[in-house]
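Q: Return a 3D structure for these sequence lines:
(chains A and B, ligands or ions: 2)
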Number of protein chains: 2
Amino acid sequence: YKIDQDLKRSILINAGLSIAGFFVTLKLIPVASRYVIRRNLFGYDINKKGTPGGTLRVPESLGIVVGIVYLVLAIVFQYFNFTSDSNWLVEYNAALASICFMTLLGFVDDVLDIPWRVKLLLPSFAALPLLMAYAGHTTIIIPKPLIPYVGLEILDLGWIYKLYMGLLAVFCTNSINIHAGLNGLEVGQTVVIASAIMIHNIMQIGASTDPEQKQAHAFSIYLVQPLLATSLALLSFNWYPSSVFVGDTYTYFAGMTMAVVGILGHFSETLLIFFAPQVLNFLLSLPQVWSNKLSPPRPHQKGKNKAHNLELYWSRHLTCVIFFSAFWVRSMSTASPA
Amino acid sequence: YKIDQDLKRSILINAGLSIAGFFVTLKLIPVASRYVIRRNLFGYDINKKGTPGGTLRVPESLGIVVGIVYLVLAIVFQYFNFTSDSNWLVEYNAALASICFMTLLGFVDDVLDIPWRVKLLLPSFAALPLLMAYAGHTTIIIPKPLIPYVGLEILDLGWIYKLYMGLLAVFCTNSINIHAGLNGLEVGQTVVIASAIMIHNIMQIGASTDPEQKQAHAFSIYLVQPLLATSLALLSFNWYPSSVFVGDTYTYFAGMTMAVVGILGHFSETLLIFFAPQVLNFLLSLPQVWSNKLSPPRPHQKGKNKAHNLELYWSRHLTCVIFFSAFWVRSMSTASPA
Ligand SMILES: [Mg+2]
Ligand SMILES: [Mg+2]
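A: Numbering: from 1, shown residues only, chains lettered A, B, ... in the order given. Ligands and ions are numbered 1, 2, ... in the order given. Prediction:
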């Protein structure tokens, strides 16, 4: 079991790095808060409105600390993976590029408030390196009763499957972002989903006999472990009553990372199940979206309510469309057990 | 000449994308300027001090537009390279990750003014994915008279060569940054060096018979062409009298991109020759550094002169050290004709 030993060693080193990342993030957030406040990146907590806490300036965009610590951890880890081959490195670097580009876009959005049109366009580009590097299957298994009609048992969707993965990345990013403004919810749901992914990966590595599948799940652990660790550090500050806000930087970063983890771990179908509450949230908010009666805009972004309403409207609308397209592609088959 | 045809096709597509990038950048800069000014990211032009132009608020950090347009172009181009293999993709994605991380750091620096300690540390991490993916030679040719002493004709430096390349990346980034504050100079020198790189690449592709070397130079063209195009668009705004400033975002981004191009094109020695004026500038500023009589800090960053002086001092100091280490490694051999 040479390869298993190597896998275990890589995972343990990754865990060590993640724990170090947890403490670094914990230490850096108060420092970064001062810098952020000095630059007028702050918000007010609507959950404390009317109380003295409601007039307190809460530092915003602290997701940038998590993003940078995460990227440094991920870069350093490259040097410790003992089962690396060229193919592994392509996917890993693509993951780094995608996550980094998304973090950059999130921070630019926090600082400059880019218009929603751009916001919908640019994240799609961020997912492209990932899809180019993707070396997994692009096939779905046709359900038994449909086989006579399709004439095939396994259908290779090719670029349509890649399109589905791209839409998944945009969906994950937006679904985390929707809950922005409620203390701890963006980070909280990330921690929950990341934990679910971790457990799924460990179980699959234990259960699987296919070394390639083990590799894919180990790959996914390497990327999700630091996310979990750094997010936990952020959560300790963002928990009610929040002493920091996480910003679009965090929601973009975390959403993209989880999409990357699901795609390159070859279990994007299972990932959608982990995102079930977000999916449900979209379904529930559908009537609201159609009648255009929107919930109040995010509290800590004052002075642009109207623009924000529109933005929220469109991001919900479009994410629904994306979700249903993704669902449609999936519904062409039963999900293969991931 | 099948491979040559493919190369030519890839280069032409890249040129087309670059031209499109030029116009997009040209169109986006005025739009982004409004967003940047709204966020209080601006500076005053010291070159117009005393005149009415000296009190005008000039938008800062417009390098972010160039950076994002460049990254989108580079990502899109992935899909058009016809001579791609897995190895190519590793290096290309590593380049994307490095450049993107550096752009992120530059923008964070512009917005939050991160302390110089962090500024020296983080860019080193940005170069790591590059060194990991580097598939070229790590050997130097020992000069004839020294062969009897060393006992080898070709010496494989291994990780020392990689260290040299890492230092080169930090050097390139800082040497572009030193000239910040003089209208058009950051962008101007980038355009000059990028043009030199382009010409060098084209000449080498014409002269070389080794297909692998042709590939490496083509690779370098793919990355330097969009840099040249987007920088030219920025220069048209940054030329005296500047209507925009480029920010650390641009200097970090451009320096890193040129380092990446030199390293992955396997002509880092030639790159140092193109950077000769910057090298000279360091040498000339040496006495100034030692006596700590520094030139005035960058004009459009007021209110933190002292911190900035220190920062400038250290960045000059360290870059000198870096330069000399790099020089030392190189001086162990005559440069192989790149
Ligand atoms: Mg926003
Ligand atoms: Mg600065």
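Q: Residue ranges in chain A under the pLDDT threshold?
A: Across chain A, the ranges flagged by pLDDT under 70 are A:1-3, A:46-50, A:52-54, A:82-85, A:140-143, A:178-183, A:281-338.
Q: again, 80 this time
A: Across chain A, the ranges flagged by pLDDT under 80 are A:1-4, A:40, A:42-56, A:81-87, A:116-121, A:135-159, A:174-185, A:240-242, A:269, A:276-338.
Q: okay, which residue is most central for it?
A: residue A:255 (1.8 Å; Cα atoms, centre = their mean).
Q: could you say what helices and strands the helix or strand containing that one packs with?
A: Assessed by DSSP states H and E, residue A:255 sits inside helix A:247-264. In terms of contacts (3 or more Cβ pairs under 8 Å, 6 or more residues apart in numbering or on different chains; DSSP states H and E), helix A:247-264 is packed against helix A:63-77, helix A:86-112, helix A:116-133, helix A:159-177, helix A:185-207, helix A:211-238, helix A:268-274. From N, CA and C alone the C-beta is placed, and that goes for glycine too.
Q: Nearest to chain B, out of these?
A: Proximity to chain B, assessed across the helices and strands packed on helix A:247-264 by Cβ to the nearest Cβ, is greatest for helix A:86-112 (3.6 Å).
Q: Give me the buried positions along the closest one.
A: By 16 or more other Cβ atoms under 10 Å in any protein chain shown, the buried positions in helix A:86-112 come out as A:88-112.
Q: For residue A:208, list the residues it contacts.
A: A:214, A:217 (Cβ atoms under 8 Å, 6 or more residues apart in numbering or on different chains).
Q: swap the cut-off to 6 Å and go again
A: The contact partners of residue A:208, taken as Cβ atoms under 6 Å, 6 or more residues apart in numbering or on different chains, are residue A:214.
Q: cool, and residue A:147?
A: By Cβ under 6 Å, 6+ apart, residue A:147 lies in contact with residue A:153.
Q: Ligand 1 contacts on the stretch 51-200 of chain A?
A: Residues of the stretch 51-200 of chain A lying close to ligand 1 by Cβ under 5 Å from the ion are residue A:109.
Q: what's the distance between stretch A:32-43 and the middle of its chain?
A: With Cα atoms, centre = their mean, to the nearest Å as the basis, stretch A:32-43 stands 25 Å off its chain's centre.
Q: So which bits of it are buried?
A: Buried residues in stretch A:32-43, counting neighbours by 16+ other Cβ under 10 Å, are found at A:32-33, A:35-36, A:39, A:41-43.
Q: ok, back up a step: isn't the residue nearest to the centre of chain A up against residue A:172?
A: Yes - contact criterion Cβ atoms under 6 Å: residue A:255 and residue A:172 qualify, at 4.3 Å.
Q: Longest helix of chain A, counting residues only.
A: helix A:2-38 (DSSP state H).
Q: Walk me through which strands the helix or strand just after that one pairs with, and which way each runs.
A: Proceeding N to C from helix A:2-38, the next assigned helix or strand is strand A:42-43, under DSSP H and E. Strand pairing for strand A:42-43, using DSSP bridges, gives strand A:58-59 (antiparallel).
Q: so how far is the strand it pairs with from its chain's centroid?
A: Strand A:58-59 sits 23 Å away from the centroid of its parent chain (Cα atoms, centre = their mean).
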